[in-house]
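In: sequence unavailable; structure follows:
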C-alpha cells in the first residue's frame, strides 16, 4: 500500500516537473507545477510530516500559485522563439541534467549513511504535527523564525517598490 | 519505504529543475524551475528528518518555504517592472548587465 502510494506520488511529481519545462505556454507550466506540489504534499504525508504537507498545499499551491497566475495573466504568455544563442542548447541541457542526476545519486548512495537503506525508526504519534513543529519553532528555532518573518516583510516592501508605477526622475 | 527512494527522487527532481533553467528563456518559467529545485531540496530535508526520527529537519523545510516565497515575490515584482518598461521578457535579450 505504501509502495503504491509512493510510486503514484513520485510519478505525479516527476510528470508535473517535466510538464513545467515542456509546456510552451507559461500558464500551463503553472498548472503543471500545481500538480507537482500536490504530489509532493502526499509524499510529505508518507514521511509522517503532516504540518509540512499542509503548509505546502496552503502556502504554495494556494497563495504562491495564485500570485503566479495573476502575473501570467497580466504579462500574457507569449511563446518562446526557437532561436538558440548557444548551438545545440536543447540537446546539451538534458545531457547535463542527466549527468547532474547521476552525480547526485552516486554522492548520496555511496555515502556511509547506514540508515539510508532502512525504513527509519518508529516515531511517536505526534511526530511532525503542528504542535511539535510549533514547539520547535518557538523554542529551539526562535531566532530563525523571527529572521524569516523579517525577510518576508522586506520581500513584501521590495516587491511593492519594484512593481510600483511611480517613475523616478532618472529614467523618465 | 526506504529513505533511499525519497532521496533519489529528490535528486531526480532537482536535476529536472536545473535542466529547465538551462533550456527555457522566459524569466517566469525560470522562476518556476527554481521552485522545482527548492522543493526537491525540501523533499530531501523531510526524508532525512524521518530517517533520523527528529523533527528539526521539518523546521528547515518550513524555513526553505519562506525563503522560496520571498524569492517568488521579488522575482515576480521584477518581471512586472520589466513588462511595464516594455522590455522583452526573454533572458537572452536582457543582457545589458552582462560584462
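Out: The structure has been received and is ready for your questions. As the structure is a prediction and not an experimental result, all values here were calculated from the model.
In: once you drop chain neighbours, what's closest to residue B:88?
Out: Distances taken as Cβ to Cβ, 6 or more residues apart in numbering or on different chains place residue B:94 nearest to residue B:88, at 7.0 Å, with adjacent residues excluded. All C-beta spots, glycine's among them, are computed from the backbone N, C-alpha and C.
In: how close does that neighbour get to chain A?
Out: 12 Å (Cβ to the nearest Cβ, to the nearest Å).
In: can you list the weak-confidence ranges in the chain?
Out: No chain was given, so I picked chain A. By pLDDT under 70, the weakly predicted segments of chain A are A:77-85, A:114-115, A:166-172.
In: not quite, I wanted chain B
Out: Where chain B drops to pLDDT under 70, the residues are B:97-99.
In: state which helix of it is the longest.
Out: helix B:56-84 (DSSP state H).
In: which of the residues in that helix are buried?
Out: Of the residues in helix B:56-84, B:57-66, B:68-70, B:72-83 count as buried by neighbour count, 16 or more other Cβ atoms under 10 Å in any protein chain shown.
In: and stretch A:145-160, by the same measure?
Out: Neighbour-count burial for stretch A:145-160 flags A:145, A:148, A:151, A:155, A:159 (criterion: 16+ other Cβ under 10 Å).
In: could you do stretch A:20-35 as well?
Out: A:20, A:21, A:23, A:26, A:29, A:30, A:31, A:32, A:33, A:34, A:35.
In: the second one contacts residue B:20, doesn't it?
Out: Yes. Under the criterion of Cβ atoms under 8 Å, residue A:21 makes contact with residue B:20 at 3.4 Å.
In: joint contacts of the two?
Out: Overlap of the contact sets of residue A:21 and residue B:20 (by Cβ atoms under 8 Å, 6 or more residues apart in numbering or on different chains) consists of B:29, B:33.
In: on that earlier part again, in strands, which of the buried residues of stretch A:145-160 appear?
Out: Among these, none falls in strands (DSSP state E).
In: inside helices: which ones of those?
Out: A:145, A:148, A:151, A:155, A:159.
In: helix, strand or coil for residue A:48?
Out: At residue A:48 the chain is in coil, as set by DSSP: H, G, I helix; E, B strand; the rest coil.
In: how close does it get to chain B?
Out: In terms of Cβ to the nearest Cβ, residue A:48 sits 6 Å off from chain B.
In: what's the host helix or strand of residue B:34 packed up against?
Out: For residue B:34, the host element (DSSP states H and E) is helix B:27-52. Applying 3 or more Cβ pairs under 8 Å, 6 or more residues apart in numbering or on different chains; DSSP states H and E, one finds that helix B:27-52 contacts helix A:2-22, helix A:26-46, helix A:65-75, helix B:3-23, helix B:56-84.
In: now it: how far from the chain's centre is it?
Out: 7 Å (Cα atoms, centre = their mean, to the nearest Å).
In: relative to helix A:26-46, how tilted is it?
Out: 10 degrees (axes from the mean of the first three to the mean of the last three Cα atoms, to 10 degrees).
In: what residues of helix B:27-52 count as buried?
Out: B:27-51.
In: what angle sits between the longest helix of chain B and helix B:27-52?
Out: For helix B:56-84 against helix B:27-52, the angle by the same axes, to 10 degrees is 180 degrees.
In: how about helix B:56-84 and chain A, any contact?
Out: Yes. On the criterion Cβ under 8 Å from any Cβ of the partner chain, helix B:56-84 is in touch with chain A at B:56, B:58-59, B:61-63, B:65-74, B:76-81, B:83-84.
In: any idea how far residue A:118 is from the spatially most central residue of chain A?
Out: The centroid of chain A falls nearest to residue A:37 when counting by Cα atoms, centre = their mean (6.8 Å). Going from residue A:37 to residue A:118 by Cβ to Cβ, to the nearest Å gives 28 Å.
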